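**Student:** Predicted coordinates and the sequence they were generated for:
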Amino acid sequence: MRFTSKIFRVLILGLILSACADTGKDKDEYADWTAEQFYTEAKKALTSKYYEKAVKLYEKLEARFPFGNYATQAQLDIAYAYYKNDEPESALAAADRFIKQNPTHPNVDYAYYIKGLVNYNRGIGFLDRFLPTDSSQRDSGSALDSYQEFESLTQRYPHSAYVADARQRMIALRDNLALHEIHVADYYLRRKAYLAAAQRAATVVREYQRTPAVPKALQIMEEAYRKLDMNDLAEDIRKVYQLNYAQGVPGQAGDLVGHSLLERVWNFLGFDKQ
């Protein structure tokens, strides 16, 4: 009986200590912080690459001081913090919220830039950061979204400090989007879906001129038409290839020569003439 009583007392003591510990945890260490303290410490954490801590502090700042002097800048900073903390959806939502609430803010161009960056890097895994991979084989949806965000930035704010970088990224994105279409076209070609292969390759020729993917697209089109016994169309494509690439002329030097030869191809595929 005495032994049981001792166990009981030990259990009660344990519960009391646990309750005290929980009470200590529940205490808000930021209870007395000012908006300036939140912003200063959040910015410090962001600069030091403690992104999770930065997100936590920015969120508390926004929750406690939604209309304070630091609230607007915090909305912009937290978008970047979310982006660096691998929270793309939160980053996009924060950037969209900033654009909606502050359309005339002098730094609103940065919100568009962040949206472009988020989608530019979406889907890049841990290994992709250290090993060479073909990004054109990933889903093209995010790449297209990124291109459109950067394009919106360059059109709306042509003098923005972020335009130069955005344009360079747009070139890379356009090349990747073209290569993605090549992968799809090649897949169809190997599966003997020749018309589908020709259509996807034609998309590259029409929409992604001045990219390295165009000569490969022409080759796929020619092969597909020969497999379909459409030798007249295949010959037109061969001539276009010869005019532009027989002498090793780089595809990025300018628009294709020989558009008149492509007219029958566009008509066959139901495309409008370019």
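**Tutor:** Noted; the coordinates are in hand. Bear in mind the structure is a predicted one, so any value in this text is a computation, not a measurement. Numbers count the residues shown, from 1 in each chain.
**Student:** Buried ones in the longest helix along the chain, by neighbour count?
**Tutor:** For the chain, the helix that runs over the most residues, judged by DSSP state H, is helix 163-190. Going by neighbour count (16 or more other C-beta atoms under 10 Å), the buried part of helix 163-190 is 163, 166, 169-170, 173-182, 184-186, 188-189. C-beta: built from backbone N, CA, C; applies to glycine.
**Student:** same thing with stretch 77-89?
**Tutor:** By 16+ other C-beta under 10 Å, the buried positions in stretch 77-89 come out as 77-85, 87-88.
**Student:** List of residues touching that stretch?
**Tutor:** The contact list for stretch 77-89 (C-beta atoms under 8 Å, 6 or more residues apart in numbering) reads 42-43, 46, 49, 51-52, 54-55, 58-59, 62, 90-91, 94-95, 98, 111, 114, 117-119, 122.
**Student:** Check stretch 178-188 too.
**Tutor:** 134, 136-137, 140, 143, 194, 196-198, 200-201, 203-204, 207-208, 211-214, 216-217, 220.
**Student:** Relative to the whole chain's centre, how far out is that stretch?
**Tutor:** Distance of stretch 178-188 from its chain centroid, counting by C-alpha atoms, centre = their mean, to the nearest Å, is 20 Å.
**Student:** Please renumber the chain so that the first residue is 41 from this point on.
**Tutor:** Fine by me, first position is 41 from now on; the one you just mentioned is stretch 218-228.
**Student:** right, and the helix or strand after the least confident helix or strand in the chain by mean pLDDT?
**Tutor:** Scoring the helices and strands of the chain by mean pLDDT, DSSP states H and E places helix 42-66 at the bottom, with a mean of 50. Proceeding N to C from helix 42-66, the next assigned helix or strand is helix 75-87, under DSSP states H and E.
**Student:** After that following helix, which helix or strand is next?
**Tutor:** Defined by DSSP H and E, the subsequent element after helix 75-87 is helix 91-104.
**Student:** Among the contacts of stretch 218-228, name the ones in helices.
**Tutor:** If you go by DSSP H, the contacts of stretch 218-228 have 183, 234, 236-238, 240-241, 243-244, 247, 254, 256-257, 260 in helices.
**Student:** how much space is there between the closest residue in space to M210 that isn't next to it in sequence and S88?
**Tutor:** Of all residues not flanking M210 in the chain, F190 sits nearest, at 5.0 Å (C-beta to C-beta, 6 or more residues apart in numbering). Counting by C-beta to C-beta, to the nearest Å, the gap from F190 to S88 is 28 Å.
**Student:** Could you do A119 as well?
**Tutor:** Relative to S88, A119 is positioned 18 Å away (C-beta to C-beta).
**Student:** what residue ranges in the stretch 91-240 of the chain score low on pLDDT?
**Tutor:** In the predicted model of the stretch 91-240 of the chain, residues 163-179 satisfy pLDDT under 70.
**Student:** what do you get if the cut-off is 50, keeping everything else the same?
**Tutor:** Of all residues in the stretch 91-240 of the chain, those with pLDDT under 50 make up the ranges 165-173, 176.
**Student:** Next, the contact list for the residue nearest to M210, please.
**Tutor:** 152-153, 156, 160, 206-207, 209-210, 213.
**Student:** Adding distance to P146, write these out as TSV.
**Tutor:** Below are the contacts of F190 laid out as TSV (distance: C-beta to C-beta, whole Å):
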residue	distance to P146
Y152	13
Y153	14
G156	19
Y160	24
A206	18
R207	21
R209	23
M210	23
L213	27
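**Student:** how's the protein carved up into domains?
**Tutor:** Taking automatic domain parsing as the criterion, the chain consists of the domains 74-145, 146-231, 232-309.
**Student:** which residues touch the spatially most central residue of the chain?
**Tutor:** Nearest to the geometric centre of the chain sits N159, at 1.4 Å (C-alpha atoms, centre = their mean). Contact analysis of N159 by C-beta under 8 Å, 6+ apart lists 128, 132, 182-183, 185-186, 189.
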